[in-house]
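A.B. asks: Structural data only, the sequence is not supplied:
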């Protein structure tokens, strides 16, 4: 079943993706404009055959920025697709209008950052397709460039210079994507994800919560938070071992991720404790949903609910209130210890 709740590292990354893309587009578009404007100011003419390519690259960057800003803080999927496509082709198009090898290599440096962006913010297969498209576009751009010169007076033919530029550029783009992009993605996942359940951990949840709160209007937004605690978890570990306890946690994580409302955040914040919350107009639906899930869940759990609007530090206040409610629920709810012969908890480690 496809998870409905926002429970993975992509939840943390989704708010940073348009920010990073905007910054990249601002920087590269400004550099492309500078490369167009500054040479005549120091007495270096712009060759007429390069004007169209440079102008097209700058225009693509401007279009991408306009689309992103029109989409607001959280642009839609279509806005991101259009902006990403524009960013992908802008630099190679500019490279097709450059006559200096060093200028083409400087553009390749910009492309390395775009390649790392692809690896960090897109699934692996899609990222590789995007990096491959970027690399292929760069190759076409350099090949179509009117000519290429080094900055030193050596007698080297244009084809050799272009070949050298391509070797360096492609190596930098692909290498940066595979090394630094993959490393960045791995570090973010490790810092934000619970290794056992693959849900967000507490750090990841707090980042996602702040982003969701800002997207819904800041501290004035209405929020409902629910703390979830597995019933008799210690007894399960004592009777069947920690492997069985881990299996219980994974089963509950998958159950909640698959049945919580779309847009709800979900994380494992420690031990047998999970947290979920909803921000905005539908937040009041969460307690009823949790009550229904608790009745139908194959894993018995208790939960405490807290809601607030307009708190200066809502997460702290919500945690405190929900923890009190959870404690009361645990006092009222004392399910029996699991029977020693319960087949569903038998694993290869304790059979």
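C.D. replies: Perfect, thanks for sending it. Since this is a predicted model, take the numbers as computed values, not measurements.
A.B. asks: after the host helix or strand of residue 235 comes which helix or strand?
C.D. replies: Applying DSSP states H and E as the criterion places residue 235 in helix 233-240. Next helix or strand after helix 233-240 toward the C-terminus (DSSP H and E): helix 242-259.
A.B. asks: Mind listing what's buried along that next one?
C.D. replies: By 16 or more other C-beta atoms under 10 Å, the buried positions in helix 242-259 come out as 244-245, 247-257, 259. For every residue, glycine as well, the C-beta is placed using N, CA and C.
A.B. asks: again, but for stretch 120-131
C.D. replies: Neighbour-count burial for stretch 120-131, counted by 16+ other C-beta under 10 Å, picks out 120, 121, 122, 127, 128, 130, 131.
A.B. asks: and the fifth one, that one's in a strand?
C.D. replies: No: the assignment for residue 128 by DSSP: H, G, I helix; E, B strand; the rest coil gives helix, which leaves it out of any strand.
A.B. asks: just the strands in this structure please.
C.D. replies: With DSSP state E, the ranges of strands along the chain come out as 222-230, 265-270, 273-279, 301-309.
A.B. asks: JSON lines for these, including mean neighbour count, distance to residue 136 and mean pLDDT?
C.D. replies: JSON lines is the format used below for those (neighbours: other C-beta atoms under 10 Å; distance: least, C-beta to C-beta, whole Å; pLDDT from 0 to 100):
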{"stretch": "strand 222-230", "mean neighbour count": "23", "distance to residue 136": "46", "mean pLDDT": "91"}
{"stretch": "strand 265-270", "mean neighbour count": "23", "distance to residue 136": "39", "mean pLDDT": "90"}
{"stretch": "strand 273-279", "mean neighbour count": "25", "distance to residue 136": "42", "mean pLDDT": "91"}
{"stretch": "strand 301-309", "mean neighbour count": "20", "distance to residue 136": "51", "mean pLDDT": "89"}
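A.B. asks: burial measure for residue 64, as a count.
C.D. replies: 27 (other C-beta atoms under 10 Å).
A.B. asks: Let me see the contact set for it.
C.D. replies: Residue 64 makes contacts with 21, 25, 82, 83, 84, 86, 87, 90, as judged by C-beta atoms under 8 Å, 6 or more residues apart in numbering.
A.B. asks: ok, now which ones touch the fifth one?
C.D. replies: With C-beta under 8 Å, 6+ apart as the criterion, the residues that contact residue 84 are 21, 64, 130.
A.B. asks: next one: the last one
C.D. replies: Listed by C-beta under 8 Å, 6+ apart, the contact set of residue 90 reads 28, 29, 32, 57, 58, 60, 61, 64.
A.B. asks: Could you measure from it over to residue 267?
C.D. replies: For residue 90, the distance to residue 267 equals 38 Å [C-beta to C-beta, to the nearest Å].
A.B. asks: per-residue confidence averaged over the longest helix anywhere in the chain?
C.D. replies: The longest helix of the chain (DSSP state H) is helix 16-41. Taken as a whole, helix 16-41 has a mean pLDDT of 86.
A.B. asks: which strands and helices sit next to that helix?
C.D. replies: helix 48-70, helix 77-95, helix 101-121 (3 or more C-beta pairs under 8 Å, 6 or more residues apart in numbering; DSSP states H and E).
A.B. asks: hmm, back to that, mind giving me JSON lines with the buried residues of helix 242-259 and columns for pLDDT?
C.D. replies: Listed next are the buried residues of helix 242-259 as JSON lines, based on pLDDT from 0 to 100:
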{"residue": "244", "pLDDT": "88"}
{"residue": "245", "pLDDT": "88"}
{"residue": "247", "pLDDT": "91"}
{"residue": "248", "pLDDT": "91"}
{"residue": "249", "pLDDT": "93"}
{"residue": "250", "pLDDT": "92"}
{"residue": "251", "pLDDT": "92"}
{"residue": "252", "pLDDT": "92"}
{"residue": "253", "pLDDT": "92"}
{"residue": "254", "pLDDT": "92"}
{"residue": "255", "pLDDT": "93"}
{"residue": "256", "pLDDT": "93"}
{"residue": "257", "pLDDT": "90"}
{"residue": "259", "pLDDT": "89"}
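A.B. asks: Tabulate the residues you listed (TSV), appending distance to residue 200.
C.D. replies: Formatted as TSV, the buried residues of helix 242-259 follow (distance: C-beta to C-beta, whole Å):
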residue	distance to residue 200
244	24
245	20
247	20
248	19
249	14
250	15
251	18
252	15
253	11
254	14
255	16
256	12
257	10
259	17
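A.B. asks: What are the neighbouring residues in contact with the closest residue to residue 311 other than its chain neighbours?
C.D. replies: Once flanking residues are discounted, residue 311 sits nearest to residue 317: 4.9 Å by C-beta to C-beta, 6 or more residues apart in numbering. Residues in contact with residue 317 (C-beta under 8 Å, 6+ apart) are 306, 308, 311.
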